[in-house]
Each structure stands twice: as C-alpha cells, then as structure tokens.
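J.: What follows is a protein structure lacking sequence information:
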C-alpha cells in the first residue's frame, strides 16, 4: 500500500541540503512512497522537481533571524500562522501520512500543522549549530515536535544532544552518492573549456560561496603553493546563495592582493560537478565546521586526493594520511604545505585517491543511504 509523504523545504535554490533531497526523491520507491513537495515557488529546485515529475505545492517561509529582536518575530509569526493553515489543509486534503522536514526552519514551520493533523514529523538536519541560547530554545522546540531526527554524522548527533534534544529520537544516516555518475572514463574534459593544459596542476574548492567554507584560507594557502608551483591553477566553483552578496567580490580583491588573479578561475555555479572534479589534481575542503562534506566523497569517488580541515564530520570520512590529508581549520600555512606535499609527491596523491575511492564504494553508496531512510520511514509509519 502506497503512502504520501510531504517533503517541506524552506528554500527553492539548490544547495547542499537540496542535493540530498533530490537524491532521495530521485531514488525513492514510488510504489511504496508518493512524494509531494512544499517549498517557495521560484528557483532551480522547482525546475529539478518538475523534471522529476514530482507534485509541488507553493509555500512561503520566512527565515527567523538569530537575534532577540521583537520586531523580527512579527513577520516570522505571521508567515508561520499562514503556513500552518496552508499546510494543515494540504496534509488533510492529500491524505499525507508522514512529513519530511528538510531543515531546521522547515521543521519549525510544519510543527504545529503536524500536531493538529496527527501526522508524524521526520526532521532531516543538515547543519552544525552553535551552542547559543537562541539555538537551544528553537532547536529544543523542534526536537520536541519532531518524532524522529535524522542527521548525517555522529558529530551532528552530539551537537543536537548538547542543545537539549532527546538522543533516542536521533538517527545517523550518512550521505551517499550515485557511483555510476562518477566513472572517470566517461567524463567531459573541463580543462579544454578554460584552456588548461593537462600538465598544469589544478587545485579546486567546490561549494557555496560563504565565509565558513574557508575560501579566504584557500587563497592564502594558494599563495604558498604558487611559490613552489608557479604554474598551478586554482579553481573556485560555486556561487553565493543566501546573503554574502559581496563575498565573491571580496575574494577577488584578496586574490589580487596575493598576486593570484592570473592563477585563479571563478566558475560560478556548475551542474557538471563530476566533470569538473575529474579534471582536478587535488580537491580542497577548507571549511571551519563542515557537517558532512558531500564534495569530499564525490572527489574520492573519482580517485582524487582530498585535503580537508579536521572540522565537523570530516574526520568521520577521512583518516589522515590514509585516504586523505587533514589539517586544522583556519590554518592557511598548513593547508598550503599539505597541497605542496601532494603536488611534490604524485605517488602519494595516487595512493590517497585510490584509498578514498575504496572507502566511498564501501561506506557511501547512495543505495545504502536510501535504504536506510526508507527503513526509518517504515519505522515511523509502523508506530502511526
């Protein structure tokens, strides 16, 4: 017997959380689960959902600013009330049996509707959260309202426990990727697009352009690399999505100050990430606090050596010196030295890349992730 699941996403552009959602929806057992998505009406996520022939219901969700400003609560409460009414009607009219809230914000907005209708809520959390009073209050509330909370690393589980969430509700579901999309034998040559010679060292950082991703540290590390490998080219892939409108401009200015302007390429958002990664010699993840690191396992799947910060959930993927290299966050000197080390020793790069590829095949296939999440659905529905 098939059941309808309402997926709620507070954002309509595609970023990390949306990629996870798309993977789930693409591979979901449609004979058992019928997906319905509620999210804002305009954005790249809508285009992808339409391509997947998934029903969409438009809602507007106003993100609550993390500050105790009474005036900021007014629009939040207003939209929360309107959204609750709309979601309550949608849940009843479409005979929804389970709500999958794809973020903390989505969980806040659907919590009352879930309780009114008696429909259980699965909160899929994608972020690490600072231990502030504001977060403790609202994370604690979301934790009370959710029937099950899914996180993507053990450190995220510990983070929520520290914020007061009941550990019995929390399940770790490591992300996975479709390994068929990461067959390096069938990739387009990204280097040709930018006239980058095959012999030129190409080091890339891929992800949303936002400060905590550590792009400034990457550029400062690159200035160290340039002294030893002046021919190296740097790749920054991604765009600003939420706020940080001037961030890319700041990065360009820093690149100029560091005399890297002729060595760096800002590609903007790319849909052909496997093609881009297959052209890299090294992938760098310089995040200050990474919840998981999806680009890390994508690069590892292609056999690329990864240098990443020892932050957040990354050590649950990378064992330092075995299947990648870990450095402390916010340490451009060590990051630069690690990049130089791999460039100076191609054999080491190949060794790390091969070990990483084996880890991804064993631990991070998409089939495992989807099977686990469907199992969690069944457990919740079994209690309903």
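T.: Looks like it arrived, so ask away. These numbers were taken from a predicted model, which means no experiment stands behind them. Residues are numbered from 1 along each chain as shown.
J.: Return the set of buried residues in the helix or strand of the chain with the lowest mean pLDDT.
T.: Using mean pLDDT, DSSP states H and E, the weakest-scoring helix or strand in the chain turns out to be helix 70-93, at a mean of 83. For helix 70-93, a neighbour-count test (16 or more other C-beta atoms under 10 Å) marks 76, 79, 80, 83, 84, 86, 87, 88, 90, 91 as buried. Heads up, the C-betas are built off the backbone N, CA and C, glycines and all.
J.: which other residues reach it?
T.: Helix 70-93 is contacted by residues 6, 8, 36, 38, 57, 59-62, 64-65, 96, 99, 108-110, 112-114, 116-117, 119 when judged by C-beta atoms under 8 Å, 6 or more residues apart in numbering.
J.: Which is the succeeding secondary structure element to that helix?
T.: strand 96-101 (DSSP states H and E).
J.: in the next helix or strand after that next one, what counts as buried?
T.: Once the chain leaves strand 96-101, the next helix or strand it forms, by DSSP H and E, is helix 104-117. Across helix 104-117, burial judged by 16+ other C-beta under 10 Å covers 104, 105, 106, 107, 108, 109, 110, 111, 112, 113, 114, 117.
J.: got it, and stretch 252-272?
T.: Within stretch 252-272, the residues scored as buried using 16+ other C-beta under 10 Å are 252, 254, 255, 258, 260, 263, 264, 266, 267, 269, 270.
J.: Tell me the confidence at the closest residue to the fourth one other than its chain neighbours?
T.: Taking C-beta to C-beta, 6 or more residues apart in numbering, and ignoring the residues beside it in sequence, residue 258 has residue 223 as its nearest neighbour in space, at 4.4 Å. As summarised for this prediction, residue 223 has a pLDDT of 96.
J.: start to end distance for stretch 169-188?
T.: Start-to-end span of stretch 169-188 (C-alpha to C-alpha, to the nearest Å) is 44 Å.
J.: Which element, helix or strand, includes residue 218?
T.: Using DSSP H and E, the element containing residue 218 is helix 215-228.
J.: Quick one: low-confidence residue ranges for the stretch 201-350 of the chain.
T.: By pLDDT under 70, the low-scoring segments of the stretch 201-350 of the chain are 242-244.
J.: hang on, the earlier thing: could you list which of the buried residues of stretch 252-272 belong to helices?
T.: Mapping the buried residues of stretch 252-272 onto helices (DSSP state H) picks out 252, 254, 255.
J.: Go ahead and confirm the first one touches residue 266.
T.: Yes: between residue 252 and residue 266 there is a contact at 7.3 Å, judged by C-beta atoms under 8 Å.
J.: which residue packs closest to residue 8, ignoring adjacent ones?
T.: Taking C-beta to C-beta, 6+ apart, and ignoring the residues beside it in sequence, residue 8 has residue 106 as its nearest neighbour in space, at 4.3 Å.
J.: I'd like the buried residues of helix 70-93 as a markdown table, with distance to residue 304 appended.
T.: Shown next, in a markdown table, are the buried residues of helix 70-93 (distance: C-beta to C-beta, whole Å):
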| residue | distance to residue 304 |
| --- | --- |
| 76 | 42 |
| 79 | 43 |
| 80 | 44 |
| 83 | 42 |
| 84 | 46 |
| 86 | 45 |
| 87 | 42 |
| 88 | 47 |
| 90 | 43 |
| 91 | 44 |
